[in-house]
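# Need coordinates for the below:
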Amino acid sequence: MKLKNLIICASIGLGICFANNLSAEILQNLTFTATTFSQRLILDNGTNTLSPAPKGQVHNTGDILKTLAQDKFAQNNWPSNSFPTAAKLAVGNDRFVVVLGTNVLVDVSDILSFTNGVNKIFSGKKNNLTGLSTPTTMKLQIGRLDFDDTAIIGGTGLKFYMQGLVTQTETDTVPLNGVYTQTVTSKLSNGTGEGSSGADEFVLIGTLTATARGKETLSQ
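Alright, predicted model coming up:
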């Protein structure tokens, strides 16, 4: 799949997961949207050189899944070059995966990765005893998503990064018998980056979102 014919929520290091306060692995569904801008054919008539406006194309999570399916098929880690229609991209504890419902179909962490900046800016109120948000806290941090399948023989030859400010909100319910519900949403907004699809180079802007909701038990 060539990115020029299409365009392409995550965190490994947000530890992998955006919701790094959850004790058990709770897979977070990822949503990706981006617009790439690539060079059009430059025309030179001997007198003037004309460079048309860049070619802009919009991509989404489905395009990423299509690419990953082809890559995993090329690696002999998936039986076909497509995933089921209802498959989703998700992130958990230190890994990116493709899931169908609650079933993990294949790990794609050799292609996708996420890193965070050093500084973390917190706001909101937490309970000193439980460490839970009361009810909501926010964290700001720089994050970067990397996609690279160029080492895969027979892969699509796609490599890019997108980075920007990640806003994470965490909401916790009041514990009942030690059990509470935690909801975490992380969003990389106004992301920017660049990459290549084969010999075609591009720059991009986009958004990445990860959401998770699950029940947790207070540590004793």
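# Now for residue 80, how many residues are close by?
Neighbour count of residue 80, defined by other Cβ atoms under 10 Å: 10. C-betas here are computed from N, CA, C, even on glycine.
# Spit out the contact partners of the residue nearest to it when sequence neighbours are not counted.
Using Cβ to Cβ, 6 or more residues apart in numbering and skipping residues adjacent in sequence, the residue nearest residue 80 is residue 73, 6.1 Å away. Neighbour list for residue 73: 79-81 [criterion: Cβ atoms under 8 Å, 6 or more residues apart in numbering].
# Show the pLDDT at residue 62.
Looking at residue 62, its pLDDT is 96.
# Residue 49 now?
pLDDT, residue 49: 84.
# Kindly report the same for the one 10 residues further on.
Confidence at residue 59, expressed as pLDDT, is 96.
# isn't it right next to residue 33, touching?
Yes - at 7.2 Å, residue 59 counts as touching residue 33 under the criterion of Cβ atoms under 8 Å.
# how much space between the residue nearest to residue 80 and residue 53?
Using Cβ to Cβ, to the nearest Å, we find residue 73 at a distance of 36 Å from residue 53.
# quick one, strands of the protein?
Applying DSSP state E to the chain gives strands spanning 28-38, 43-44, 49-50, 55-60, 88-92, 95-100, 103-107, 112-116, 121-126, 133-148, 158-172, 179-197, 200-217.
# Looking at residue 59 and residue 33, which one has more neighbours?
Between residue 59 and residue 33, counted using other Cβ under 10 Å, residue 59 has the larger neighbour count: 21 against 17.
# Beta-bridge partners for that one, please?
residue 7, residue 34 (DSSP bridges).
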